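Colleague: give me the fold of what follows.
(chains A and B)
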2 protein chains.
Amino acid sequence: MEKKNYNPEFFAEALNEAKKGYAEGGIPIGSVVVYNNKIIGRGHNRRVQDKSPILHAEIDALRDAGRQTTAVYAECTLYTTLSPCAMCSGAILLYKIPRVVIGENRTFMGSEELLKSEGVEITLLDDRECFNLMQKFIAENPHLWSEDIGE
Amino acid sequence: MEKKNYNPEFFAEALNEAKKGYAEGGIPIGSVVVYNNKIIGRGHNRRVQDKSPILHAEIDALRDAGRQTTAVYAECTLYTTLSPCAMCSGAILLYKIPRVVIGENRTFMGSEELLKSEGVEITLLDDRECFNLMQKFIAENPHLWSEDIGE
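Modeller: This next block holds a predicted model:
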């Protein structure tokens, strides 16, 4: 477990996004994009809120960050409360974001192996609060969760 | 080159979306999602129009299709005018869309190998009109194109 480049304040902001999502009745996954020690994009899963199959937390945060140059993406760290799925991992690879900090992957194991194989540095926190929030949500909304991961 | 499951009318609609994007000053890539022999989602790249780094054509078409069940995705074919990048291929894998029809991959080779390795059926058309439209756009807007593929 590599914890270099991990800033607890930024992770707390990703978790805040997840909680915001939960409070809205949505799937509690949050993400922030950090550049130059500042958050340039933030978001949370909006499947329920926006009836959107594509606004996973990471995609929402990248959308919020807006159009950036490769030079910016090359210095970004993406924080996410849950292991990124194939789509979100693909977005990380598309923009060559070099570092990803992940809250937990016990609820769902995304495409971490693919990210690692492409040289992305993964920091896994195994954070209990992220895990408990997801478990609570899934117990309350099993179908929404299945839908979100295409199952 | 596998052309089973390829319907020229649906491909023409994906190409129409690409042309619509071009007419708007955007990157001319289009996509449609077909279920049960009907288009349920359509879209085109909106980087320029919506200042969005995540609305590639395929993502825009999946967004337009809205929230669908796995049973629906399992019967869908996604048409796209250009070989799908890592993000869009990831979205195809996330929702387990079994068939993808691709206009061309000479301008850009996306994650077709990854899709094939996961059992997705790829139909490559090597369509000259798609290719020419992209080449024209790239000659006119090289920087926009580089930005769109994270280069």
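Colleague: hey, let's count contacts and neighbours off CA atoms from now on
Modeller: Fine.
Colleague: give me every residue that touches residue A:30.
Modeller: Residues counted as contacts of residue A:30 (Cα atoms under 8 Å, 6 or more residues apart in numbering or on different chains) are A:14-19, A:21, A:42-45, A:57-58, A:80-82.
Colleague: among these, name the ones in helices.
Modeller: Using DSSP state H, the members of those that fall in helices are A:14-19, A:21, A:57-58.
Colleague: looking at it, residue A:115 is touching residue A:93, isn't it?
Modeller: Yes - when contacts are counted by Cα atoms under 8 Å, residue A:115 is listed as touching residue A:93 (7.2 Å).
Colleague: residue A:91 sits in which helix or strand?
Modeller: Taking DSSP states H and E as the criterion, residue A:91 maps to helix A:86-94.
Colleague: residue A:48: neighbour count?
Modeller: Neighbour count of residue A:48, defined by other Cα atoms under 10 Å in any protein chain shown: 17.
Colleague: meant to ask about residue A:49, not that
Modeller: 13.
Colleague: isn't residue A:66 up against residue B:50?
Modeller: No - counting by Cα under 8 Å, residue A:66 stays clear of residue B:50, with 9.6 Å between them.
Colleague: which one's more surrounded, the two?
Modeller: More neighbours surround residue A:66 than the other of residue A:66 and residue B:50, with 17 against 13 (other Cα under 10 Å).
Colleague: how far away is that one from residue A:33?
Modeller: For residue A:66, the distance to residue A:33 equals 11 Å [Cα to Cα, to the nearest Å].
Colleague: could you do residue A:56 as well?
Modeller: Distance from residue A:56 to residue A:33, by Cα to Cα: 14 Å.
Colleague: so what sits against both of these two?
Modeller: Overlap of the contact sets of residue A:56 and residue A:33 (by Cα under 8 Å, 6+ apart) is empty.
Colleague: what count of nearby residues applies to the closest residue to residue A:79 other than its chain neighbours?
Modeller: In space, and not counting its chain neighbours, residue A:79 is closest to residue A:101: 4.7 Å by Cα to Cα, 6 or more residues apart in numbering or on different chains. Using other Cα under 10 Å, residue A:101 has 27 neighbouring residues.
Colleague: and residue A:101, what is it in contact with?
Modeller: Contacts of residue A:101 by Cα under 8 Å, 6+ apart are A:6, A:11, A:77-80, A:122-125.
Colleague: again with residue A:22
Modeller: Contact partners of residue A:22, counting by Cα under 8 Å, 6+ apart, are A:28, A:137.
Colleague: cool, and residue A:57?
Modeller: Contacts of residue A:57 by Cα under 8 Å, 6+ apart are A:29-31, A:43-46, A:80.
Colleague: which positions in chain A make contact with chain B?
Modeller: Within reach of chain B by Cα under 8 Å from any Cα of the partner chain, chain A has these residues: A:47, A:51-54, A:59, A:62-63, A:66-70, A:85-96, A:147, A:149-151.
Colleague: just checking, residue A:135 touches residue A:107?
Modeller: Yes - between residue A:135 and residue A:107 there is a contact at 7.4 Å, judged by Cα under 8 Å.
Colleague: quick check, nearest of the contacts of residue A:101 to residue B:131?
Modeller: Closest approach to residue B:131 among the contacts of residue A:101 (Cα to Cα): residue A:78, at 34.0 Å.
Colleague: neighbouring contacts of the host helix or strand of that closest one?
Modeller: Taking DSSP H and E as the criterion, residue A:78 maps to strand A:76-82. Residues outside strand A:76-82 that contact it (Cα under 8 Å, 6+ apart): A:10-11, A:14-15, A:18, A:29-36, A:57-58, A:97-105, A:107-108, A:130.
Colleague: please save the CA atoms from it in PDB.
Modeller: Extracted in PDB, the C-alpha atoms of strand A:76-82 (Å, rounded to 0.1, in the frame of the first residue of the first chain):
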ATOM      1  CA  CYS A  76      -3.000  15.800 -11.500                       C
ATOM      2  CA  THR A  77      -4.000  13.300  -8.800                       C
ATOM      3  CA  LEU A  78      -7.500  11.900  -9.000                       C
ATOM      4  CA  TYR A  79      -9.100  11.000  -5.600                       C
ATOM      5  CA  THR A  80     -12.100   8.700  -5.600                       C
ATOM      6  CA  THR A  81     -13.900   7.100  -2.700                       C
ATOM      7  CA  LEU A  82     -14.300   3.800  -4.600                       C
END
